[in-house]
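K.L.:
show me how the following folds:
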Amino acid sequence: MSRRHLVVPALLAVLALAAMPALALGHAELDSATPAPDSTIEIAPAELVATFTEALDGSKSSLEVRDPAGSVVASGGAELLGADGITMTLPLPALGNGTYEVRWTSAATDGHIERGTFSFTVSAPPSPSPSPSAEPTASPSPTPSAIASPTATPSPSPTDGGANPASEAGGLDASTLLPIAVAILVVVAIAAYVMRNRGK
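P.N.:
Next up is the predicted model:
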């Protein structure tokens, strides 16, 4: 075989190798997502963000989210594509706890279409129940012993200037007896003097 015949297959092989990267770049695969695939989150997301490896054809690309029962809760296509051409953002309604499936379709600018699915789980902790408010308890009514009974007002004690009950009962003190005794002695002395003069 001549060298000329070898050149043609070699050129074909080089062209094939050069075309392989271009063919590989024609696949817009899912690069990342928020929520991340197979993740479990405590706060339900307000939106789903999916980023792809290639620029997308928004007219043929789409996102869809299904709840645990399989019902579609959000979906969209061309309006989801961002200005960078590789990001799609899908607003989500309020999501309850459970596992949600995301179905994506990506169309590369060369027309090649890829499809795939992934899931994420919402597991928000239960909100604490409000503690019962303390009801005011009725104050206990006072017992009879707790009610202060009126105390008897003590009668005033006799003062020094008041009458002495003992003296009023019949007893005489020394200041009264002394004049009486003197008077008796005087009377006795006078009587004795009179009797003596009569005898003379």
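K.L.:
wasn't Asp84 part of a strand?
P.N.:
No. Residue state for Asp84 (DSSP: H, G, I helix; E, B strand; the rest coil) corresponds to coil; a strand is not indicated.
K.L.:
can you name the next helix or strand after the helix or strand bottoming out on mean pLDDT in the chain?
P.N.:
Least confident helix or strand of the chain, by mean pLDDT, DSSP states H and E, is helix 165-168 with a mean of 46. Under the assignment DSSP states H and E, the closest C-terminal helix or strand after helix 165-168 is helix 174-199.
K.L.:
any stretches of the protein with poor pLDDT?
P.N.:
Residue ranges of the chain with pLDDT under 70: 1-26, 129-175, 199-200.
K.L.:
Phe118 reaches Pro37, doesn't it?
P.N.:
Yes. Phe118 is within contact range of Pro37, at 3.5 Å (criterion: C-beta atoms under 8 Å). C-betas here are computed from N, CA, C, even on glycine.
K.L.:
can you work out which residues contact both of those two?
P.N.:
Val102 (C-beta atoms under 8 Å, 6 or more residues apart in numbering).
K.L.:
neighbour count for those two, which is higher?
P.N.:
Between Phe118 and Pro37, counted using other C-beta atoms under 10 Å, Phe118 has the larger neighbour count: 17 against 14.
K.L.:
just the CA atoms of the helix or strand containing the more buried one, as CSV, please.
P.N.:
According to DSSP H and E, Phe118 maps onto strand 113-122. Output of strand 113-122 as CSV, limited to C-alpha atoms (Å, rounded to 0.1, in the frame of the first residue of the first chain):
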residue,chain,number,x,y,z
ILE,A,113,-32.2,16.4,24.6
GLU,A,114,-31.4,14.8,28.0
ARG,A,115,-33.9,13.8,30.8
GLY,A,116,-33.4,12.8,34.4
THR,A,117,-34.9,12.7,37.8
PHE,A,118,-33.8,13.2,41.4
SER,A,119,-35.5,13.7,44.7
PHE,A,120,-35.2,15.6,48.0
THR,A,121,-37.0,15.3,51.3
VAL,A,122,-38.6,18.0,53.5
